[in-house]
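1. my questions concern the predicted model and sequence given below.
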Amino acid sequence: MKRIFSVITILALSVSLFATESVDSVAVKQGKKEKKESSVQLHGSFQTDILVPEEDKAIGATADDPFLSNTYLNLNLTSTYVNAGARLELMHKPLPGFEQGFAGGGIKGLYVSGGYKYFNVTIGDIYDQFGSGMLFRAYEERTLGVDNAIRGARVILTPYKGITFKALGGMQRQYFNFNKDNAYGFDFSKNGMMGFNLDLDIDQWSQFMMDNDYHLRLGGSFVSKYNEDEEIVIMDNTGGYRLVLPKFVGAGEVRADFSHAGWRAMLEYAYKANDPTAENDYSYRPGQALFASLGYSQKGMSILAQVKRSENMVFRSDRGLGATAGNLNNMPAFGYTHTYACASNLPYATQANGEWAYQLELAYKFKPKTAMGGKYGTTFKLRGTYILGLDKDTVAKVRGTLWGTDVYTTKFFSTGDEYYLDAHLEFNKRITKNFSMIALYMYQRYNQEVIRGHGEFLQAHTIVTDFQIKCSKNVNLRIEGQYQYTTQSKEDYEIGGHDYGNNVFGLVELSLFKDFMISASDNYYFRSDINYYNITFAYSHGSHRIQLAYLRAKEGYNCNGGVCRQIPAQKGLTVGYFVQF
């Protein structure tokens, strides 16, 4: 109880300190007139997530610390020509699933930017993306522990309509590394990077294209990183030899994006010079990626088909890093991110070292007052993702090892082992004015050995029903029922210790007066005979949100955008607070 009281006290102090509005954002009324808002405004947000853990030997949950927390404070000062910002992070005892390198605290982010007419300059921590991100993407995703900002400088030039040029360079953020030599929490790569991007909006130069709704953007990018020399010695019967590693690794990309009257087509190709790392067995084979997309949409109907081939596209600021740290790029995700519990049990992580990925999405809404549409209309969605490896032939070893060689050869259009299949049909129907439902069926094929590094090939069938009931003007009820059947064998469960077998899930969620939400859920796994439950209370008011939950959570993977982080089992009280001002 003392730990819980301490957490509530910290949360209360946080609310009083940060739940305030910017003085400049509030107009001061004088009679019927209002003073104009100042050109200088302060905006920001505060977020804290806290876990008071409990030990649970049945699921492997530990409680080594009285509480764990991730806390973020963002402050942004904006004006007509100059903007500035800072972010404070406190993660001395980070939440489960974050590597120990995240432990620390300090002013993580600082930036100042200014612009006038045709140019903009930013100095400090930079988030940006070239194209789809295959070559360069600096972004933040807190739930995954991803924050690979570039600390340096960026210049954006728009010298003529339809022309945008970017140049940036600096060092990439990694972890906190809070110690006497790094007292403020700054921890960036010792190696540098630079990038250039050019986008040309061709339609801006053609009156015919603008008048007839034609849009064409052509783009090109170049990114280069510098790595300090590293001694990788391969021992053999001659005494050994040292790999000559490239200090500079360059990568280039070209792309096109065309749209007209509901149609949109995209094509992107990236090439990366050889970049030997432990992740690719110190291969000297260059990397490349191709991404193509074709879609069409109109009222009540849409279709999207995409294909991607990637090979040896791991691109890190430091070649010795792993997990989510130091990624300069982010491959487009093809595994669909499911939000329902059972459907998200087997997520896919993008295999940047090589894959062929295909995706098809169809959506159609039958109009109201038709045989299929009924009174309110009916929507069907069909989605499919199919991912294969590359068909690789191993090259001959040199002095007893593949290190220092191309490691493999492959033909561009050849495919290898099956990695992942996800095919699901979703049905969305409003039955009455106050009652609607969603039903989903999903079939999955899952190569554990490739995706998770262990285990057998799994198949899974999942059924989801989601009912929404409007009980009154201020009361809404949602009920979920889910069931998943998988082919996991008893041997796979006993060897790996992970239960991916048959399970059932139920949830009841009650919303009151648009501000309060109470929910209770339970996920039962038949083989291990374990219940994973979650009881949550949430309150929202304006830009404030507070949430309390008591849960017992299964170990698993948290995935978003093809990037996954393993989350250990946990049990205890969680407290979350967020405010934007």
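-> Ah, there it is.
2. all helices of the stretch 401-550 of the chain, in order?
-> Along the stretch 401-550 of the chain, the segments classed as helices by DSSP state H, counting those that start in this stretch run 448-451, 490-496.
3. check which residues of the shortest one are buried.
-> To tie it back to what came earlier, the one meant is helix 448-451. Gln448, Val450, Ile451 (16 or more other Cβ atoms under 10 Å). No exception for glycine: its C-beta is placed from N, CA and C like everyone else's.
4. residues in contact with the last one?
-> Think Ile451. For Ile451, the contact set (Cβ atoms under 8 Å, 6 or more residues apart in numbering) comprises Tyr348, Ala349, Gln351, Tyr419, Tyr420.
5. for it, give its distance to Asp229.
-> In this view, Ile451 and Asp229 are 34 Å apart by Cβ to Cβ, to the nearest Å.
6. how about the second one?
-> Here Val450 is placed at a distance of 33 Å from Asp229 (Cβ to Cβ).
7. top of the contacts of Ile451 by neighbour count?
-> Counting neighbours by other Cβ atoms under 10 Å, the top entry in the contacts of Ile451 is Tyr348, with 27 neighbours.
8. name the nearest residue to it, ignoring sequence neighbours.
-> Excluding the flanking residues, the one nearest Tyr348 by Cβ to Cβ, 6 or more residues apart in numbering is Gly335, at 3.1 Å.
9. just the pLDDT for that neighbour.
-> Note for Gly335: predicted pLDDT of 84.
10. and if you look at the one 3 residues further on?
-> The predicted structure scores His338 at 90 on the pLDDT scale.
11. give me the neighbour count for it.
-> So His338, with other Cβ under 10 Å, has 20 neighbours.
12. what's around the nearest residue to it once chain neighbours are set aside, how many residues?
-> Closest residue in space to His338, ignoring its immediate chain neighbours: Ser344 at 4.3 Å, by Cβ to Cβ, 6+ apart. Here the number of neighbours of Ser344 (other Cβ under 10 Å) works out to 16.
13. measure Ser344 to Ala460 for me?
-> For Ser344, the distance to Ala460 equals 11 Å [Cβ to Cβ].
14. I meant Gln566, not that one.
-> Between Gln566 and Ala460 the distance is 19 Å, computed by Cβ to Cβ.
15. more neighbours: which of those two?
-> Counted by other Cβ under 10 Å, Gln566 and Ala460 do not tie: Ala460 has more neighbours, with 22 against 13.
16. so who does that one touch?
-> Asn345, Leu346, Met442, Tyr443, Gln444, Tyr446, Gln484, Tyr485, Thr486, Thr487, Tyr500.
17. please name the nearest non-neighbouring residue to Gly195.
-> Val223 (4.2 Å).
18. swap in Lys411?
-> Using Cβ to Cβ, 6+ apart, the nearest residue to Lys411 is Asp391, at 6.9 Å.
19. check which helices and strands whichever strand or helix holds that neighbour sits against.
-> According to DSSP states H and E, Asp391 maps onto strand 378-394. On a contact count with 3 or more Cβ pairs under 8 Å, 6 or more residues apart in numbering; DSSP states H and E, strand 378-394 meets strand 354-366, strand 408-432.
20. nearest to Ser519, out of those strands?
-> strand 408-432 (21.1 Å; Cβ to Cβ).
21. run the angle between that closest one and strand 378-394 for me.
-> If you take axes from the mean of the first three to the mean of the last three Cα atoms, to 10 degrees, strand 408-432 sits at 170 degrees to strand 378-394.
22. what residues of strand 408-432 count as buried?
-> For strand 408-432, by 16+ other Cβ under 10 Å, it's Tyr408, Thr410, Tyr419, Tyr420, Leu421, Asp422, His424, Glu426, Asn428, Lys429, Arg430.
23. count of residues packed around the nearest residue to Thr164 once chain neighbours are set aside?
-> Ranked by Cβ to Cβ, 6+ apart and with sequence neighbours excluded, the top spatial neighbour of Thr164 is Asp199, at 4.6 Å. Counted with other Cβ under 10 Å, residues neighbouring Asp199 total 19.
24. now Asp199: how far from Thr158?
-> To Thr158, Asp199 is 10 Å away according to Cβ to Cβ.
25. strands along the stretch 151-300 of the chain, start to end?
-> For the stretch 151-300 of the chain, the strands defined by DSSP state E, counting those that start in this stretch occupy 163-173, 188-201, 214-226, 233-234, 241-242, 248-260, 263-272, 287-298.
26. need the ones you listed in TSV with distance to Ala549 and mean pLDDT, can you?
-> Output for the strands of the stretch 151-300 of the chain, formatted as TSV (distance: least, Cβ to Cβ, whole Å; pLDDT from 0 to 100):
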stretch	distance to Ala549	mean pLDDT
strand 163-173	30	94
strand 188-201	35	89
strand 214-226	41	96
strand 233-234	51	79
strand 241-242	54	81
strand 248-260	42	97
strand 263-272	40	97
strand 287-298	38	96
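27. and of those, who's closest to Asn76?
-> It's strand 163-173; of the strands of the stretch 151-300 of the chain, that one is closest to Asn76 (Cβ to Cβ) at 18.3 Å.
28. which residues does the closest one contact?
-> 108, 125-126, 128, 130, 138, 147-159, 187-201, 317, 326, 328.
29. show the buried residues in the residues you listed.
-> With burial judged by 16+ other Cβ under 10 Å, the buried subset of those is 108, 125-126, 128, 130, 138, 147-152, 154, 156, 187-189, 191-201, 317, 326, 328.
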